[in-house]
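Asker: got a structure for you, letters missing:
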C-alpha cells in the first residue's frame, strides 16, 4: 500500500461468503456478529492510536489481507462482499465518516500464514 498506513485491525476467522446458501436469519445473525467484532476491535485500535485526530478518515484507501494456512482463498469479489459487515462495523466505530470515503476500491491480498484463518483490514489516508 503506497499511501500512509494509519490503522490495521485483525479479526480471527473469515465471514461467510455471500454465495453460500443460508437462511436469511442466519445470515443476519452472522452479519451482526462480524459487524460487532469489527466495531470492538476498531475501538481498541483507535484508543491505542498515537494520533486520534486522524479520525474519522474523510478519504481512505483500504487493503484486505486474507491470511490462511493453505492456499484455498476466496476470489477477490467474494472476499470484498463478505467483509461488508466488517466495513460497517468500522463505520460505526468512527474510523471513517462513511465507507463511501474509500477511494480506488478495496485492494485484496492473499497470504499463507502459520496461524488459523484470519483477516487484516489495512487502512491508509489519502491526501
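Answerer: Perfect, thanks for sending it. Owing to the predicted nature of the structure, the values given are computational and were not obtained by experimental measurement. Numbers count the residues shown, from 1 in each chain.
Asker: going forward, measure contacts between C-alpha atoms and count neighbours the same way
Answerer: Noted.
Asker: how far away is residue 61 from residue 120?
Answerer: Relative to residue 120, residue 61 is positioned 14 Å away (CA to CA, to the nearest Å).
Asker: hmm, I typed the wrong one, I wanted residue 65.
Answerer: Computed as CA to CA, the residue 65 to residue 120 distance reads 5 Å.
Asker: and what of residue 88?
Answerer: Distance from residue 88 to residue 120, by CA to CA: 15 Å.
Asker: quick one: which of these two has more around it?
Answerer: Neighbours were counted for residue 88 and for residue 120 using other CA atoms under 10 Å; residue 88 has more, 20 against 16.
Asker: contacts only, for that one.
Answerer: Residue 88 is in contact with 35, 99, counting by CA atoms under 8 Å, 6 or more residues apart in numbering.
Asker: and what about residue 7, helix, strand or coil?
Answerer: strand (DSSP: H, G, I helix; E, B strand; the rest coil).
Asker: for it, which non-adjacent residue is closest in space?
Answerer: Nearest residue to residue 7, sequence neighbours excluded (CA to CA, 6 or more residues apart in numbering): residue 123, at 5.3 Å.
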